[in-house]
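Peer 1: I would like to see how this sequence folds:
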Amino acid sequence: CVNSISLKFEASENCCEEHAFAYFAAGCFWGVEHHFENFRGVHSAVSGYMGGHVDNPSYEAVCTGTTGHLEAVRVEFDECEVSFKELAQHFFEIHDFTQTNGQGPDIGSQYLSAKQKKHKKREK
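Peer 2: Got it, this is the predicted structure:
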């Protein structure tokens, strides 16, 4: 049996009509995705690649270090709940951006550090 005392209701007016996107590269994308997917105000965290000079590269191709891509995570977030500044601060806390040619045990150019804020997505 569930009663209303045990439920938490959140007002929908706290949500922005549009979501923003940020891209974070901080080593292996699976770890970065894990750090962002449950962060307050984040609606999705999806692994992929950024940069590079090859269209639609495979994981194997990126791992060769010849495509110029970084393993990255696209973070969709609600700016009414969390700011890009807060996400960027979290980004800098979860990795060592001063390490050259990789992150921790992950060595290679695809594991370099980068961040970028992009456009907003209109909700329909």
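
Peer 1: check which helix or strand covers residue 30.
Peer 2: Assigned by DSSP states H and E, residue 30 falls within helix 29-37.

Peer 1: ignore the last one, residue 100
Peer 2: Assessed by DSSP H and E, residue 100 sits outside every helix and strand.

Peer 1: For it, give its distance to residue 111.
Peer 2: Relative to residue 111, residue 100 is positioned 10 Å away (Cβ to Cβ, to the nearest Å). All C-beta atoms are positioned from the backbone trio N, CA, C, and that covers glycine.

Peer 1: Neighbour count: those two, which is higher?
Peer 2: Ranked by neighbour count (other Cβ atoms under 10 Å), residue 100 and residue 111 place residue 111 first, with 22 against 8.

Peer 1: Tell me what angle the helix or strand containing residue 75 forms with helix 29-37.
Peer 2: Taking DSSP H and E as the definition, residue 75 sits inside strand 69-77. Between strand 69-77 and helix 29-37, the angle comes out at 20 degrees (axes from the mean of the first three to the mean of the last three Cα atoms, to 10 degrees).
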